[in-house]
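Student: Structure, please.
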Amino acid sequence: MLNKNVIQDLLNDALQTGADFAELFFEDTNQEAIRVTSKDVSNVSFNNVHGVGVRLIKNNDVVYGYSNDVSEEKVRALVVSLSASFTGEKKEATPLREALPFDNKVKRPMEDVSASEKTEKLLALADVILSHDKRIVQSITQLLSWKQSILVANSNGVYQNDERHYARVILMGVASENGQMQQVFEGPGRAMGFEIFDDVNPFALAKNVAERAIHMLSAQPIVAQEMSVVLANGWGGVIFHEACGHPLEATSVAKGLSPFTGKLGQAIGSSVVTAYDDGDVDGAWGRTSFDDEGMKTQKNLLIENGILKSYLVDYRNGLTMNHKPTGSGRRQNYKFPPTSRMNTTYIAPGKDKVEDIIKDTKYGLYAKQLGGGQVSPATGEFNFSVSEGYMIEDGKLTTPVKGAMLIGKGHEVLFKIDKVADNLDFGQGMCGSISGSIPTDVGQPTIRVSKMTVGGAGGQA
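Tutor: Residues are numbered from 1 along each chain as shown. This next block holds a predicted model:
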């Protein structure tokens, strides 16, 4: 890593030909993946990501370049090459401040744990899934982990390092009977080391994966129709994340490509909806002490009682929008310039009880687990598959159903949420956007959408 004085000189060089802003982002990341397929260790891999990204901004124009060679000579050559994109008055970078301390509470760093201990844990989890029922024909258990060390410095005086530890346990079970197959997945992740195995109780999750796979073998195709939909807590929040969270990012808002552009202070949902994005939830999968622009992460109130309160804003889009950054600048690695992204995004808990929401629903679908889907941030249109669902009839859960597809527009669904339970929970995933793939949490309590289009291949009701 280059020393602070050299970095200061590089930032000054970047402003020699008229750029208004210069930024250097250094990264060193070690990644590990261990995979067990049924009873065999099928893959062990290690990877290192190491390099520097350089970003220059003048007005609304941006140039970006990167290199995996972080020597002073190579970085300076990259800076000079990029600065030639601009012509104008020479500027001077603000003196770099002292780095603030970052928060790292990792108890057992992955590099301190042997490969054999990790593998034994995965084999034991595989046994839980496979031994549950003879109809379980395959299991996949996987441990993904990485440690990312970063340093970001810019011409506004920011000089900040951070160290992020990520761990994710993948559990999957496949059940088969009479030509029918069902696959169930769980993927808890944390900003932790090996202590994730103490935090998430993966053996209980493994048993649950097997039980659900067997249970869903009896699922019947659902009939396409409009109906009430009760979305379970935790991973059910992926709809809000995709159909509402992304359109609240300045990446879309600044370009006018969001249904929420220009609506600060206006009602964009029902009065029972309050939502946050929080970059500093202790141990959360989407947590960082500082974002990838060197700003302290924070808890951002997005929606309060249905009223739009804030967007998620990075430095560059903040200039366009005349909006202060919100600690939301993120990127996959040094090869990507940062942009506004979510961390831990969730609908806040309400006052209803889950059992009361079910009892109050005469007819509808209980979407316990969602699968993949598609969304257009510009319009908020989405479709998401339901990997585990049950009919609600006369206030009770009845038949398990398969093939359900939730279809709608995020900004319309927000107004149709009429019940919010008190059981907030989170799910973890990798979120993709123009700055790459990053760890994020989605979350919500159980909610009810009064009416939603549900696709399906079943016969007539």
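
Student: Please count neighbours and contacts with C-alpha atoms only from this point.
Tutor: Noted.

Student: A helix includes Asn12, no?
Tutor: Yes - according to DSSP: H, G, I helix; E, B strand; the rest coil, Asn12 belongs to a helix.

Student: ok, it - how many residues close by?
Tutor: Applying other Cα atoms under 10 Å, we find 21 other residues in the vicinity of Asn12.

Student: Pull the contacting residues for it.
Tutor: For Asn12, the contacting residues are Lys91, Glu92, Ala93, Ser155, taking Cα atoms under 8 Å, 6 or more residues apart in numbering as the criterion.

Student: who's in contact with the third one?
Tutor: This points to Ala93. Counting by Cα under 8 Å, 6+ apart, the residues that Ala93 touches are Gln8, Leu11, Asn12, Leu15, Asn154, Ser155, Asn156, Gly157.

Student: And the helices in the stretch 251-400 of the chain?
Tutor: Shown for the stretch 251-400 of the chain, the helices assigned by DSSP state H, counting those that start in this stretch span residues 315-321, 354-359.

Student: Quick check: which ranges of the stretch 351-461 of the chain have low pLDDT?
Tutor: Across the stretch 351-461 of the chain, the ranges flagged by pLDDT under 70 are 459-461.

Student: Please identify the most buried of the helices of the stretch 251-400 of the chain.
Tutor: With neighbours taken as mean count of other Cα atoms under 10 Å, these reach their highest mean count in helix 315-321, at a mean of 19.

Student: What is the three-state secondary structure of Phe415?
Tutor: Counting by three-state DSSP, the backbone at Phe415 sits in helix.

Student: how is the chain carved up into domains?
Tutor: 4-218, 220-455 (automatic domain parsing).

Student: From the chain's centroid, how far away is the last one?
Tutor: Looking back up the chat, that one is domain 220-455. 10 Å (Cα atoms, centre = their mean, to the nearest Å).

Student: now do the same end-to-end measure for that domain.
Tutor: End-to-end span of domain 220-455 (Cα to Cα, to the nearest Å): 14 Å.

Student: before we move on, what about stretch 262-280?
Tutor: Across stretch 262-280, the straight-line distance between its terminal residues is 27 Å, by Cα to Cα.

Student: Looking at it now, give me its mean pLDDT.
Tutor: Taken as a whole, stretch 262-280 has an average pLDDT of 97.

Student: what does that stretch rub up against?
Tutor: 260, 286-289, 297-310, 327-328, 342-348, 350, 411-420.

Student: List buried members of the residues you listed by neighbour count.
Tutor: If you count burial by 16 or more other Cα atoms under 10 Å, the buried members of these come out as 260, 286-289, 297-304, 306-310, 327-328, 342-348, 350, 411-420.

Student: Tell me the helix or strand right after the lengthiest helix in the chain.
Tutor: Taking DSSP state H as the criterion, the chain has its longest helix at helix 115-130. Downstream of helix 115-130, the next assigned helix or strand under DSSP states H and E is strand 136-154.

Student: Show me what that next one packs onto, helices and strands only.
Tutor: Applying 3 or more Cα pairs under 8 Å, 6 or more residues apart in numbering; DSSP states H and E, we find strand 136-154 packed against strand 21-37, helix 115-130, strand 159-177, helix 202-215.

Student: among those, which is the most enclosed?
Tutor: Taking mean count of other Cα under 10 Å as the contact definition, the stretch among the helices and strands packed on strand 136-154 with the greatest mean neighbour count is strand 159-177, which reaches a mean of 22.

Student: Tell me which other helices or strands that strand touches.
Tutor: Under the contact criterion of 3+ Cα pairs under 8 Å, 6+ apart, strand 159-177 touches strand 136-154, strand 180-186, strand 189-190, helix 202-215.

Student: Parallel or antiparallel, which strands does it pair with?
Tutor: In the sheet, strand 159-177 lines up against strand 136-154 (antiparallel), strand 180-186 (antiparallel), strand 189-190 (antiparallel) (DSSP bridges).

Student: Could you provide the contacts of Asn12 in a markdown table, with additional columns for secondary structure?
Tutor: Output for the contacts of Asn12, formatted as a markdown table (three-state DSSP):
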| residue | secondary structure |
| --- | --- |
| Lys91 | coil |
| Glu92 | coil |
| Ala93 | coil |
| Ser155 | coil |
